[in-house]
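> with the sequence up front, the predicted model follows.
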Amino acid sequence: MPELPEVEITRRGISAHVTGRTVAAVEVREPRLRWRIPEPVRELVGRKVRAVRRRGKYLVLDCDDVCLILHLGMSGSLRVLPVGTPPQKHDHFDLVFHDCMLRLRDPRRFGSVLWIQGPEDGHPLLAQLGIEPLSDELDGARLHALTRGRRTSIKGFLMDGRNVVGVGNIYANESLFRAGIRPSRRAGSLSLERCTNLTRAIKRTLQAAISAGGSSLRDFVRSDGRPGYFQNRYRVYDRAGKPCRRCGASIRRAVQGQRATFYCPACQR
DNA sequence: AAATTCTCCTGAAGGC
DNA sequence: TGCCTTCAGGAGAATT
């Protein structure tokens, strides 16, 4: 399921293919995604892609005075294909250029295609987003300050995009294991030292996942169709009952906020 | 205000 | 073999 690493991998994969290219056509085969694809998205035709950026799990294509904003939901992928490639099942949206096209496939349709005149942070869905975890903005002191007085679990806190962006279920679990912190621990109870360890764990986890091409559990593929390999390196996610790679204890599974949580009962406190 | 629950969707997996 | 049920998850909306 695309989290920050998968979106970043996608951004890097498509950037060279579309930056500087002019949109030749927009093809909408299934507008019913998380939100209906807005009709004005067709006005992109004739505009040039100036840059491909990422904000949290959103991909932002700067097209002159307009932004095309894409979200991969949990089963989305974006590929670069030759113009005219026949669409397959769940291929909902194409952004066509003269010599290639971007194609969005999303079986579960939790993704979205958004459009806004002007900068992307003017969009209501992006205006309230929290800190980019790989930026210098996220450090122990900042995390410590943000979590003061918060009674929610640290895992829930990390997964809330108003606090930190891009960290979903998989990478929250993995980061907390690296930091030796129990996912259920109250966010406000973490010391400054543990917050510092946690920010380092988050950055290392995300970077390692990016280096491995992201995680491909079911649907995710890179823009060239290849899968990522980070799922083979999970330390706790989906490893219930298996031995902890650090201490050998049996990894536990719990449910927190209707989400599967995995942790080592010995390494994480 | 903050925290929790519900919701969208499809395909895989499990049960009988 | 095949049908039916359950589950997974990003994140906004609704609810407490």
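The structure has been received and is ready for your questions.
> list the buried residues in the one helix or strand A:A208 maps to.
Using DSSP states H and E, the element containing A:A208 is helix A:192-211. Neighbour-count burial for helix A:192-211, with 16 or more other Cβ atoms under 10 Å as criterion, is recorded at A:194-203, A:205-206, A:209-210. All C-beta spots, glycine's among them, are computed from the backbone N, C-alpha and C.
> give me the distance between A:R109 and DNA strand B.
Distance, A:R109 to DNA strand B, using Cβ to the nearest atom of the strand, to the nearest Å: 5 Å.
> same question, A:G149
As judged by Cβ to the nearest atom of the strand, A:G149 and DNA strand B stand 7 Å apart.
> just give me the neighbour total for A:R259.
15 (other Cβ atoms under 10 Å).
> list the contacts for the closest residue to it other than its chain neighbours?
Nearest residue to A:R259 in three dimensions, chain neighbours excluded: A:N169, at 5.3 Å (Cβ to Cβ, 6 or more residues apart in numbering). Applying Cβ atoms under 8 Å, 6 or more residues apart in numbering, we find A:N169 in contact with A:1, A:3, A:159, A:237, A:259-260.
> dump the residue contacts of the closest residue to A:R194 other than its chain neighbours.
Leaving aside its sequence neighbours, A:R194 sits nearest to A:I181 (Cβ to Cβ, 6+ apart; 6.3 Å). Applying Cβ under 8 Å, 6+ apart to A:I181 gives the contacts A:154, A:190, A:194, A:197-198, A:268-269.
> what does the stretch 51-200 of chain A have sitting close to DNA strand C?
Counting by Cβ under 7 Å from any atom of the strand, the residues of the stretch 51-200 of chain A close to DNA strand C are A:56-58, A:71, A:73-75, A:108, A:110, A:125, A:159, A:161, A:168-170.
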